[in-house]
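>>> output the structure for:
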Amino acid sequence: MYKPYCPYLLHKAKTREMAGLQKKLILSCFVAFLMALQTSSRGTRYAAPNVASLTDLFPHLPINNSFSELFGRSNIHMVNNGSYVNLALDKSSGSGLVSKNRYYYGFFSAALKLPAGFSSGVVVAFYMSNADVHPHNHDEIDFELLGHEKRGEWALQTNIYGNGSTSIGREEKFWLWFDPTEEFHQYSILWNNHHIVFLVDNIPIREVLHNTATSSLYPSKPMSIYATTWDGSDWATRGGKYPVNYQYAPFVTSLGEAEMIGCIVDEKDSPNACSKGHLWSLDPVEGDEFTKLSEQQMLGMQWARHKLMFYSYCQDSARYKVLPPECKTK
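Below is the predicted model of the structure:
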């Protein structure tokens, strides 16, 4: 630890009148301080701004009635009569759920509590996809929580694909302003014909507008909702530098407070035909309240992106010599 060690060395250098060594030590200690400050900023806890609570507008759905097992049956454990579920990752397998319904536009949310302790290489995902139906032309809207080599730290990655546009990654990454392992936090997706909004605890952190620049990448087909935990050792932490350490397994993610409000697509009908019978009193598909962000929500998003975003594909000129067209409109 540099704090107690540096003053001791400086004192010894001073008493021995070693001016040259003292200067070097001062510089070394200053660099160590900056490095520690930079590292600790990842875990900084901020007081979040007040925003409208969209998750209070819709009912919570029981997990056991709304999702089916996707994989890892032995690592899926229902809690509280199926209102919550624990998804585990261990040496034998990860685990995952998929919604029983497929949706075309709507509001989708879940509360997650992530594994505590050393979590490097662990990936917890809450996302929408239709890759099972359209393997070569699929759409996707992703929340991916990436375990970190530093105990208790997680990074949040968002991403979208439209019509199989997987050749261009559209990732944006954020540090969280809270410890996601201590209690449940809400991760929400609003998707309609106007925009896609990623929200954490109801604070918008990213908005993708549906316009000419984004038309080719904008998800356009019905999707299912997925919740998974799995081993991302080959890419999730510094390109695979820090793989999952199963000494700390099982890695258990708790999920509940599911909300899925939107157009439910009947597989027997045409792709864009859906039932709105399950919509709540407010309509996230066509309701005026959901066509654009409020001033309060815009301020919240500006706060999150200024304080917490540490990567955007639109700023990655090394990766893209010519930035994707939608980046020019930001």
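>>> shaky segments in this protein?
Residues of the chain meeting the criterion pLDDT under 70: 1-44, 150-152, 267-281, 329-330.
>>> kindly recompute the last result at 80.
Applying pLDDT under 80 to the chain picks out residues 1-45, 149-152, 236-241, 266-281, 329-330.
>>> any idea how far apart the tips of stretch 167-182 sit?
Terminal residues of stretch 167-182 lie 36 Å apart, using C-alpha to C-alpha, to the nearest Å.
>>> what are the buried residues along that stretch?
Applying a neighbour-count criterion of 16 or more other C-beta atoms under 10 Å, the buried positions in stretch 167-182 are 170, 172-177, 180-181. From N, CA and C alone the C-beta is placed, and that goes for glycine too.
>>> would you list every one of the helices in the stretch 151-300 of the chain?
295-308 (DSSP state H, counting those that start in this stretch).
>>> okay, strands next: where are they in it?
Using DSSP state E, counting those that start in this stretch, the strands found in the stretch 151-300 of the chain span residues 154-161, 172-175, 185-191, 195-200, 203-209, 224-231, 251-265, 274-275.
>>> out of those strands, which is closest to Leu308?
Closest approach to Leu308 among the strands of the stretch 151-300 of the chain is made by strand 172-175 (4.6 Å; C-beta to C-beta).
>>> in terms of secondary structure, what does the closest one contact?
strand 154-161, helix 295-308, strand 309-312 (3 or more C-beta pairs under 8 Å, 6 or more residues apart in numbering; DSSP states H and E).
>>> that strand pairs with which strands?
According to DSSP bridges, strand 172-175 forms sheet pairs with strand 154-161 (antiparallel), strand 309-312 (antiparallel).
>>> list the contacts for the closest residue to Leu199 other than its chain neighbours?
Using C-beta to C-beta, 6 or more residues apart in numbering and skipping residues adjacent in sequence, the residue nearest Leu199 is Ser188, 4.2 Å away. Residues near Ser188 by C-beta atoms under 8 Å, 6 or more residues apart in numbering: 54-55, 107-109, 198-200, 202, 259.
>>> who does Ser188 form a beta bridge with?
With DSSP bridges as the rule, Ser188 is bridged to Ser109, Leu199.
>>> who wins for most neighbours among the contacts of Ser188?
Counting neighbours by other C-beta atoms under 10 Å, Phe107 comes out on top of those with 28 neighbours.
>>> and that one, backbone torsions?
The phi/psi pair for Phe107 (degrees, to the nearest 10) reads phi -120, psi 130.
>>> and for the closest residue to Met301 other than its chain neighbours, the neighbour number?
Leaving aside its chain neighbours, Met301 sits nearest to Pro204 (4.1 Å; criterion: C-beta to C-beta, 6+ apart). Using other C-beta under 10 Å, Pro204 has 26 other residues around it.
>>> quickly list what Pro204 is bridged to.
Beta-bridge partners, per DSSP bridges, of Pro204: Leu199.
>>> quick check: the residue nearest to Leu199 vs Gln315, distance?
25 Å (C-beta to C-beta, to the nearest Å).
>>> ok, Ile141 next?
Ile141 is 21 Å from Gln315, by C-beta to C-beta.
>>> do the same with Ile261
Ile261 is 34 Å from Gln315, by C-beta to C-beta.
>>> pick out whichever of these two has more residues nearby.
Ranked by neighbour count (other C-beta under 10 Å), Ile261 and Gln315 place Ile261 first, with 24 against 14.
>>> surely that one and Pro284 touch.
Yes: counting by C-beta atoms under 8 Å, Ile261 does reach Pro284; the two are 5.9 Å apart.
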